[in-house]
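Enquirer: I would like the atomic coordinates for the input below:
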Amino acid sequence: MTVRVERDEASGVAVVALDREHRHNAIDLATAAELIETWREFRHAEDVRAVVLTGAGTAAFCTGIDRGVTVAQPTSPYSVDDPLLSIGPKANDLWKPVVAAVNGMACGGAFYLLGESEFIISSSTATYFDPHTTYGMVSAYEAVYMAQRMPFGEVARMSLMGTAERLSARRAYEIGLVSELAAPEELLPAALRAAQTLAGYPTEAVQGTVRALWSAKQAALQQALAQAPALITLGNLPPERQAELFAGRRRAPDPRVR
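Expert: Numbering: from 1, shown residues only. A predicted model of the protein is given here:
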């Protein structure tokens, strides 16, 4: 199992933790399948009324898709088989509130999960960045999800600057991506406090409010996501060239944190 789930029936809160600390909680196909199963099961679980989503350890919340994952892609520029497209709660029709507790690095494919969480509580030592352009890949789905949560100039800079820069937790809080900062040891307690409050309210009202909030942005989000497959097919370097760039990452200078 690469997704650890802990339920507290008394409070109605479940903690979902990506549990691949040795891989910076990168998502492989097994993890993707476990996330999908977890969200869909929660739809029917009356003892789960709110969720905290986090990553094991302190080095990373999630670093996106595991580079070892290989997926055969269609030849059409209008189709992309992206194993991360269905890993979020909203993609699985779960409208119970999800509070993300971010520790360490959150980058690339982590934004599929953060993009479908209600709000983010961040460790003060966390950083946020999008490595796609550095490795010859189009940031399409990730950029679209973050454009729903960040000022345009900020998400444009993060998406385009690749691994050269990282967004500090403080800056993420200042621009509204993060709703609360916590010391690393206080991160999970802070997220649990918020989730326990939500779980204590009538669940029909909470879920209805979550659904109403998402209806305000869903049309624009779906329209933007529909453009992603063609943009990825047109803009991505061949996989072998991406691998060369990725292999050379350790020779790059340390990123600037702003």
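Enquirer: all the helices of the stretch 1-150 of the chain, residue numbers only.
Expert: Using DSSP state H, counting those that start in this stretch, the helices found in the stretch 1-150 of the chain span residues 29-42, 110-114, 141-147.
Enquirer: what's the closest of those helices to L160?
Expert: Set against L160 and scored by Cβ to Cβ, these come closest in helix 141-147, at 8.9 Å. Any C-beta I mention is one placed from the backbone N, CA and C, and that applies to glycine too.
Enquirer: now the closest one: mean pLDDT?
Expert: Helix 141-147 carries an average pLDDT of 95.
Enquirer: same thing with stretch 22-42?
Expert: Averaged over stretch 22-42, pLDDT sits at 97.
Enquirer: count of neighbours near the nearest residue to F129 once chain neighbours are set aside?
Expert: In space, not counting the residues next to it along the chain, F129 is nearest to R166; the distance is 4.4 Å by Cβ to Cβ, 6 or more residues apart in numbering. By the criterion of other Cβ atoms under 10 Å, R166 has 23 neighbours.
Enquirer: is it true that R166 touches V257?
Expert: Yes - contact criterion Cβ atoms under 8 Å: R166 and V257 qualify, at 4.8 Å.
Enquirer: quick revisit: just name the most buried of the helices of the stretch 1-150 of the chain.
Expert: Greatest average neighbour count among these goes to helix 110-114 (a mean of 26), per mean count of other Cβ atoms under 10 Å.
Enquirer: any idea of the mean pLDDT for it?
Expert: 98.
Enquirer: cool, stretch 91-106 as well?
Expert: 98.
Enquirer: oh, and call the first residue 14 from now on, that's how I've got it
Expert: Renumbered: residue one is now 14, and that last one reads stretch 104-119.
Enquirer: now do the end-to-end distance for that stretch.
Expert: Criterion Cα to Cα, to the nearest Å; first-to-last residue distance in stretch 104-119 is 20 Å.
Enquirer: that one: which residues count as buried?
Expert: For stretch 104-119, the neighbour count (16 or more other Cβ atoms under 10 Å) marks 104-105, 107-119 as buried.
Enquirer: hmm, who's touching the lowest-mean-pLDDT helix or strand in the chain?
Expert: Sorting the helices and strands of the chain by mean pLDDT, DSSP states H and E puts helix 252-260 at the bottom, at a mean of 81. Contact with helix 252-260 is made by 80, 147-150, 249-250, as judged by Cβ atoms under 8 Å, 6 or more residues apart in numbering.
Enquirer: run through who's touching the longest helix along the chain.
Expert: Looking across the chain with DSSP state H, the single longest helix is helix 216-238. By Cβ under 8 Å, 6+ apart, the surrounding residues in contact with helix 216-238 are 25, 62-63, 103, 108-110, 131, 154, 157-158, 160-161, 211.
Enquirer: in that helix, what counts as buried?
Expert: Neighbour-count burial for helix 216-238, counted by 16+ other Cβ under 10 Å, picks out 216, 219, 223, 234, 237.
Enquirer: just the C-alphas of whichever helix or strand comes after that helix, formatted as CSV.
Expert: Once the chain leaves helix 216-238, the next helix or strand it forms, by DSSP states H and E, is helix 241-248. What follows is helix 241-248, C-alpha atoms only, in CSV (Å, rounded to 0.1, in the frame of the first residue of the first chain):
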residue,chain,number,x,y,z
ALA,A,241,-4.2,20.5,-22.5
PRO,A,242,-3.8,17.3,-24.6
ALA,A,243,-3.0,19.1,-27.9
LEU,A,244,-0.7,21.6,-26.1
ILE,A,245,1.2,18.7,-24.5
THR,A,246,1.6,16.8,-27.7
LEU,A,247,2.8,19.8,-29.6
GLY,A,248,5.1,21.2,-27.0
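Enquirer: noted, bye for now.
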